[in-house]
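Student: what's the 3D shape of this:
(one chain, ligands or ions: 2)
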Amino acid sequence: MKRRNTSKPDETKVTTGKTNVANSKSKQRKEKKAHGLATKNQLYSGVRNKIILIVGLYILAGAGFLYWHGMGKSPELPPEVEEEILGSLPQDMKDMDLPNVGPFRKKASNTLLPDNKVKQTESSKGKKSNKTGNHAPVVPETTLEETKFPNFEQKIQNELKVKNIGDKTWTEVKIRKNVNNTNVRIYTMDDFLSSRECEGLMKAHDNHMKQHDDQGPIICFSDETTMGKYLEQIKEKWTKRISSQDWTQGTRCLNASVSAQLNGKLRWSHSTSFYPGESPFSTTFETRVAEQTGLNANNGGKFQITCYPEGVGYKLHTDCTEGNTDKRDRFATILVYLNDVIEGGQTQFTELGVSITPKKGKALVWTNMDSEGHCDVTSYHQASPVIKGRKCILQRWYYYENFPALGKRYPSPPLPVRSPTTPRVACDEFTSGSCRWYDEWNYDHLIDYDARSL
Ligand SMILES: O=C(O)CCC(=O)C(=O)O
Ligand SMILES: [Fe+2]
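Tutor: Numbers count the residues shown, from 1 in each chain. Ligands and ions are numbered 1, 2, ... in the order given. All right, here's what the predicted structure looks like:
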């Protein structure tokens, strides 16, 4: 654009010169010369333009040909990527042939939930860490019969051993803060996922979200105080006082009608989950992870795609449970950025002074626990809010000690009563813009579930 503007005045000058020199022979000669030059220039530029046009057409035709023949496709990813990744995701776990795991095992739902109100959240006080991610593992009871999973193999994942393959190399991220002792190791690798894989995953997530378009979520809060803080933040748009009838009994979730009124007023990120074996991509990914990080596929849980809009981040948390005694906990996390973010959205390890900027295809892998299976609190991290653009990531958590139901879809809890496609929004640990929308339900919002884990 700029070039065209600067060259245009020069052309005008030549034309003006031509008309003003008509009476002088020398000027006429100059004029002829100038005219000749202009004609030659026109001729040259005509030829040049033609060449550019022909070369351009060839390039276009070549690109089209290559595209048609599948060049540039990542060999690992099948063509209908969004179908492959998420197309077959079951929306409802009712039909799945899974053992009855979790807190509902062998219990009728009427014996499960006491006549509790959300106010009664003493149970949550008993939690070891109130900053553990709301997606913290929901570990089914140990009595789960292993015979139901004949191929289950007990494995311990107590180390992260990154390996460079070809020109794909890991860089160890330097810890910038003085910490006395940390077991956290952080590595990054560019282009861990190809462009096509990243785009495919985002597209799959977006398409999956569209299926929920007409289904407003049910909104759950970790407790009433937290809810108060969120509502305070939107006080210009929300004046209603929440009373006990506004909750679904036995849960920390608002009922469907109040949730619907709140919908669109709070902001949140969106997560889509898929499980090992539900798509060819899951196998491609876990094989690549195993080869390049030593993280054993059998110790991996679900896969989670999360997209954050502007203004949304994710609270400061650990992926493992602080003070854990149970080693069925998240030893390591792998996170791949699926797109570039214009501004904001860094993954920040606050105790370690580390901040990673999202970059399409880049993987970030780190340890959350020590080699004995204790959660390391120096692994606290947060997603800083996206300032401009959108941020999408793929995450998978690898457990220190695996268990039979790891990486399997759990049967959904019966409460709140909802349609099979009703999503859930979890707002906890108040930090501006830390709510998350989930396409599946776990047990975190059930008062009784917390009480059981006391
Ligand atoms: O989005 C990020 O950068 C971090 C997300 C995260 O830590 C999590 O979801 O557990
Ligand atoms: Fe995390």
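Student: Any part of the helix or strand harbouring residue 394 near ligand 1?
Tutor: According to DSSP states H and E, residue 394 maps onto strand 391-399. Yes: residues of strand 391-399 contacting ligand 1 under C-beta under 6 Å from any ligand atom: 393, 395. Every residue, glycine included, has its C-beta placed from N, CA and C.
Student: Return the list of helices and strands in contact with that strand.
Tutor: Applying 3 or more C-beta pairs under 8 Å, 6 or more residues apart in numbering; DSSP states H and E, one finds that strand 391-399 makes contact with helix 195-210, helix 280-293, strand 300-308, strand 330-337.
Student: ok, that strand: who's next to it in the sheet?
Tutor: Counting by DSSP bridges, the strands paired with strand 391-399 are strand 300-308 (antiparallel), strand 330-337 (antiparallel).
Student: Name the stretch among those that sits most buried.
Tutor: strand 330-337 (a mean of 26; mean count of other C-beta atoms under 10 Å).
Student: mind listing the helices for the protein?
Tutor: 2-20, 25-68, 81-82, 109-112, 122-125, 195-210, 224-233, 256-262, 280-293, 447-452 (DSSP state H).
Student: Could you dump the strands paired with strand 391-399 into a markdown table with distance to ligand 1 and mean pLDDT added?
Tutor: Listed next are these as a markdown table, based on distance: least, C-beta to the nearest ligand atom, whole Å; pLDDT from 0 to 100:
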| stretch | distance to ligand 1 | mean pLDDT |
| --- | --- | --- |
| strand 300-308 | 6 | 96 |
| strand 330-337 | 6 | 98 |
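Student: Of those, which is nearest residue 190?
Tutor: Of all these, strand 330-337 sits nearest to residue 190, with 10.1 Å by C-beta to C-beta.
Student: What parts of this structure come near ligand 1?
Tutor: 133, 314, 319, 335, 347, 381, 383, 393, 395.
Student: In JSON lines: the residues you listed, plus distance to residue 403.
Tutor: Formatted as JSON lines, the residues of the chain next to ligand 1 follow (distance: C-beta to C-beta, whole Å):
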{"residue": "133", "distance to residue 403": "19"}
{"residue": "314", "distance to residue 403": "26"}
{"residue": "319", "distance to residue 403": "17"}
{"residue": "335", "distance to residue 403": "23"}
{"residue": "347", "distance to residue 403": "27"}
{"residue": "381", "distance to residue 403": "25"}
{"residue": "383", "distance to residue 403": "28"}
{"residue": "393", "distance to residue 403": "25"}
{"residue": "395", "distance to residue 403": "19"}
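Student: Below-threshold pLDDT in the protein: ranges please.
Tutor: Applying pLDDT under 70 to the chain picks out residues 1-147, 432, 450-454.
Student: tell me the domain ranges of it?
Tutor: Domain assignment for the chain, taken from automatic domain parsing, gives 156-215+268-409, 218-262+414-454.
Student: Quote the end-to-end distance of the longest one.
Tutor: With C-alpha to C-alpha, to the nearest Å as the measure, domain 156-215+268-409 spans 21 Å from end to end.
Student: so what's the residue lying closest to residue 352 once chain neighbours are set aside up against?
Tutor: Spatial nearest neighbour of residue 352, chain neighbours left out: residue 175 (4.7 Å); criterion: C-beta to C-beta, 6 or more residues apart in numbering. By C-beta atoms under 8 Å, 6 or more residues apart in numbering, the contact list for residue 175 reads 182, 184, 186, 352-354.
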